[in-house]
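1. next one to model:
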Amino acid sequence: MNKGVVYLVGAGPGDPGLITVKGLEMLRQADVVVYDRLAWPALLDQAPAGAVLVDAGKGPDRHKMTQDAINTALAEHAEAGHTVVRLKGGDPFVFGRGGEEAEYLAQRGIPFEVVPGVTAAVAVPAYAGIPVTHRRVSSSLAIVTGNEDPAKEDTAVDWDKLAGAGTLVLMMGMANLEGIAARLIQAGRSPQTPVALVRWGTCPGQRTLVGTLETIPSLAAGQGFANPVVTIVGEVVNLREKLAWREKKPLFGRRVLVTRAREEAGRLAALVAAQGGEAYEFPAIAVEAMPDTADLDRAVRELGSYQWAVFTSANGVRFFWERLDAAGLDARALAGVKLAAIGSRTAATLGRFGLSCDLTPEEFRAEAVLSALVDRVAPGERVLCPRAAQAREVLVQGLREAGVFVAEVAAYRTVPGGDDPGAVRERLARGEIDAVTFTSSSTVHNLVRALGGEAAELLGGTTLAAIGPVTAQTLAEYGLSCAVTAARYTVEGLVEALATYFKRLSG
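-> Reported below is the predicted structural model:
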């Protein structure tokens, strides 16, 4: 059997967007992923569905796997012919013990490659608004592990020489912070030298604490700072006041519950992250095809008899197209049929199938579609409306009252998401959720049902945000106050409104 290959991949410092293109490519080809505690969990979603995931996380006071066990696991999986990705926080060769793992593999003749990563020593200060070098402030940089006790007689770290570096970056040094600060002062560094501690840098929970060599140990103890922390020592820390770009994002430090269907939640979560927030996904609904597609299939076969087809969601487009494809048809089947979409995303989804819209109202809601259509559809004309089962009747009823024949066909349905609500219930109870987003009335109904009798109390203690007035009204029907209602009824508009709300709240 041919041996597999081990890829020692740097996952970056935490933000999953900081993994390299090659690192992501290798991860997507892996048979086995052996990952560290500091490799952000979202990256594991990029591994193939059948990949074996091995948690080799090592914390300061607990090791799920010893280093020897990790080395052995890498070798055994490779010898079995598997493609193995060793996913390591930061860069594999910067205090990541990647060199030891590579040496172990080399001694056994196992092929390996190193995929460098963005080291936390540089990226974490950058996310805190601290450039590790600056022409007018610091022209030298030293990176050192903070795990070694500076009081040891046989220390391998020359603290006297390090004290002279323009910028000193210490990795994982919280346990020895007081001793390190004392040693640097003893070696001639001013007690007033600025120091910054950045915890969980580049991640949603990033926190920064600033002091001096003299004050930082007591400040850290008072704030309960613990690893993972990157410590920056030097005058460059003072630049943070002007350059702290991330903390200025309106959702920085805010935890936002996303209740959208799993397939659609990623885009909303990414928008929250772009505004500096931490998205926590709990799919309150799932979207699925109808168990019986006979009605939709019949409508597809009779497309030529309709003058208009109206789509009220991107899901409606997707499930409609699946049945069109199953019938052996394509976009040509819609020749002569005018198309209306409820909003820009629905129109864009039609565009992906080579279809252009004849009508998209400025306001993305059923009432606006109805208002625009009644002026353009003559009485007696036929309109096909493939949409969700149990959708609002405003559009269909209004068209029928205008004398239009409407074929209302269920293209898909929404069902409860199915995830265990225990974790989200606990987060809400502990006040760990700052806002809950709702993108449809279905997300409201199903989250309330999932939370049970505690729903009003749990949701009453956080900020509720709705994609539009219809969803806000559904919240009101449960006695829940909606603090944020998007002016644009899209996920972009929802996050924009939420960001504006918290920005105003923080002054």
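2. and for the helix ranked longest in the chain, what's in contact with it?
-> Identified as the longest helix of the chain according to DSSP state H is helix 491-505. Helix 491-505 is contacted from outside by 250-251, 254, 256, 260, 267-268, 271-272, 275, 345, 434-435, 437, 439, 463, 465-467, 483-488, using Cβ atoms under 8 Å, 6 or more residues apart in numbering. C-beta here means a position set from N, CA and C on the backbone, and glycine is covered the same way.
3. which ChimeraX command selects the buried ones in those?
-> If you want just the buried ones from the contacts of helix 491-505 in ChimeraX, going by 16 or more other Cβ atoms under 10 Å, the selection is:
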select :250,251,254,256,260,268,271,272,275,345,434,435,437,439,463,465,466,467,483,484,485,486,488
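4. in strands only, show me the contacts of helix 491-505.
-> In strands, defined here by DSSP state E, the members of the contacts of helix 491-505 are Val256, Ala435, Thr437, Thr463, Ala465, Ala466, Val484, Thr485.
5. point out where the stretch 101-250 of the chain drops to low pLDDT.
-> Filtered on pLDDT under 70, the stretch 101-250 of the chain yields the residue ranges 149, 151-154.
6. what segments of it are strands?
-> Taking DSSP state E, counting those that start in this stretch as the criterion, the stretch 101-250 of the chain carries its strands at 112-115, 141-145, 167-171, 194-199, 207-212, 229-233.
7. of all these, which gets the most neighbours per residue?
-> strand 229-233 (a mean of 27; mean count of other Cβ atoms under 10 Å).
8. okay, the strands of the stretch 101-250 of the chain in JSON lines with distance to Arg352 next?
-> Formatted as JSON lines, these follow (distance: least, Cβ to Cβ, whole Å):
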{"stretch": "strand 112-115", "distance to Arg352": "33"}
{"stretch": "strand 141-145", "distance to Arg352": "46"}
{"stretch": "strand 167-171", "distance to Arg352": "45"}
{"stretch": "strand 194-199", "distance to Arg352": "41"}
{"stretch": "strand 207-212", "distance to Arg352": "41"}
{"stretch": "strand 229-233", "distance to Arg352": "42"}
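9. out of these, nearest to Phe93?
-> strand 112-115 (6.9 Å; Cβ to Cβ).
10. CA-only coordinates of that closest one in PDB, if you can.
-> In PDB, the C-alpha atoms belonging to strand 112-115 read as follows (Å, rounded to 0.1, in the frame of the first residue of the first chain):
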ATOM      1  CA  PHE A 112       4.900  15.500   4.300                       C
ATOM      2  CA  GLU A 113       4.500  19.100   3.200                       C
ATOM      3  CA  VAL A 114       4.400  22.300   5.200                       C
ATOM      4  CA  VAL A 115       1.700  24.900   4.400                       C
END
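11. start to end distance for stretch 387-404?
-> Using Cα to Cα, to the nearest Å, the end-to-end distance of stretch 387-404 comes out at 17 Å.
12. the ones in strands among the contacts of helix 491-505: which two are farthest apart?
-> Checking these with Cβ to Cβ, the most distant pair is Val256 and Thr485, at 15.8 Å.
13. residue contacts, Asn446?
-> Here Asn446 is in contact with Thr259, Ala284, Ile285, Thr414, Pro416, Gly417 (Cβ under 8 Å, 6+ apart).
14. rerun that using 6 Å as the cut-off
-> Shown in contact with Asn446 (Cβ atoms under 6 Å, 6 or more residues apart in numbering): Ala284, Ile285, Pro416.
15. check which helix or strand covers it.
-> helix 441-451 (DSSP states H and E).
16. buried residues in stretch 361-372, which are they?
-> Buried, per 16+ other Cβ under 10 Å, within stretch 361-372: Pro361, Glu363, Phe364, Arg365, Ala366, Ala368, Val369, Leu370, Ala372.
17. dump these to TSV, plus distance to Gly380.
-> Output for the buried residues of stretch 361-372, formatted as TSV (distance: Cβ to Cβ, whole Å):
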residue	distance to Gly380
Pro361	23
Glu363	27
Phe364	28
Arg365	26
Ala366	22
Ala368	23
Val369	20
Leu370	17
Ala372	19
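18. still on that earlier bit, most neighbours among the contacts of Asn446, please name it.
-> Ala284 (31 neighbours; other Cβ atoms under 10 Å).
19. show me the strands in the stretch 251-400 of the chain, by range?
-> Using DSSP E, counting those that start in this stretch, strands in the stretch 251-400 of the chain cover 255-258, 278-281, 285-289, 308-311, 338-341, 382-388.
20. as a markdown table, these with distance to Gly12 and mean pLDDT would be great.
-> Listed next are the strands of the stretch 251-400 of the chain as a markdown table, based on distance: least, Cβ to Cβ, whole Å; pLDDT from 0 to 100:
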| stretch | distance to Gly12 | mean pLDDT |
| --- | --- | --- |
| strand 255-258 | 22 | 93 |
| strand 278-281 | 17 | 88 |
| strand 285-289 | 32 | 87 |
| strand 308-311 | 40 | 92 |
| strand 338-341 | 38 | 92 |
| strand 382-388 | 39 | 91 |
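21. which one of those strands lies nearest to Glu101?
-> strand 278-281 (31.2 Å).
22. quick check: can you name the pairing partners of that closest one and their directions?
-> Next to strand 278-281 in the sheet, as set by DSSP bridges, lie strand 255-258 (parallel).
23. and the pLDDT for Leu74?
-> Here, the pLDDT recorded for Leu74 equals 96.
24. can you say which helix or strand has it in it?
-> Applying DSSP H and E, one finds Leu74 within helix 67-79.
25. and Pro92, by the same measure?
-> Per DSSP H and E, there is no helix or strand for Pro92.
26. how many residues are close by it?
-> Count around Pro92 with other Cβ under 10 Å applied: 26.
27. correct me if wrong: it contacts Gly98.
-> Yes: at 2.9 Å, Pro92 counts as touching Gly98 under the criterion of Cβ atoms under 6 Å.
28. which residues do these two both contact?
-> If you check Pro92 and Gly98 against Cβ under 6 Å, 6+ apart, the residues they both contact are Leu8.
29. quick one on the thing from earlier: can I get the contacts of Asn446 in a markdown table including distance to Arg387?
-> Putting the contacts of Asn446 into a markdown table (distance: Cβ to Cβ, whole Å) gives the following:
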| residue | distance to Arg387 |
| --- | --- |
| Ala284 | 20 |
| Ile285 | 15 |
| Pro416 | 20 |
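30. nearest to Ala299, of the strands of the stretch 101-250 of the chain?
-> When those are compared (using Cβ to Cβ), the closest one is strand 112-115, at 50.5 Å.
31. determine how far the closest one lies from the middle of the whole chain.
-> 27 Å (Cα atoms, centre = their mean, to the nearest Å).
32. one more: stretch 243-251?
-> For stretch 243-251, the distance to the chain centre is 17 Å (Cα atoms, centre = their mean).
33. first-to-last residue distance for it?
-> 18 Å.
34. could you measure from Val118 over to Gln307?
-> Separation of Val118 from Gln307 (Cβ to Cβ, to the nearest Å): 56 Å.
35. so for those two, which residue has more residues nearby?
-> Neighbour count, other Cβ under 10 Å: between Val118 and Gln307, Val118 has more, with 23 against 17.
36. next, give phi and psi for that one.
-> phi -70, psi 120 (degrees, to the nearest 10).
37. and it, how far from Ala11?
-> From Val118 to Ala11 the distance is 9 Å (Cβ to Cβ).
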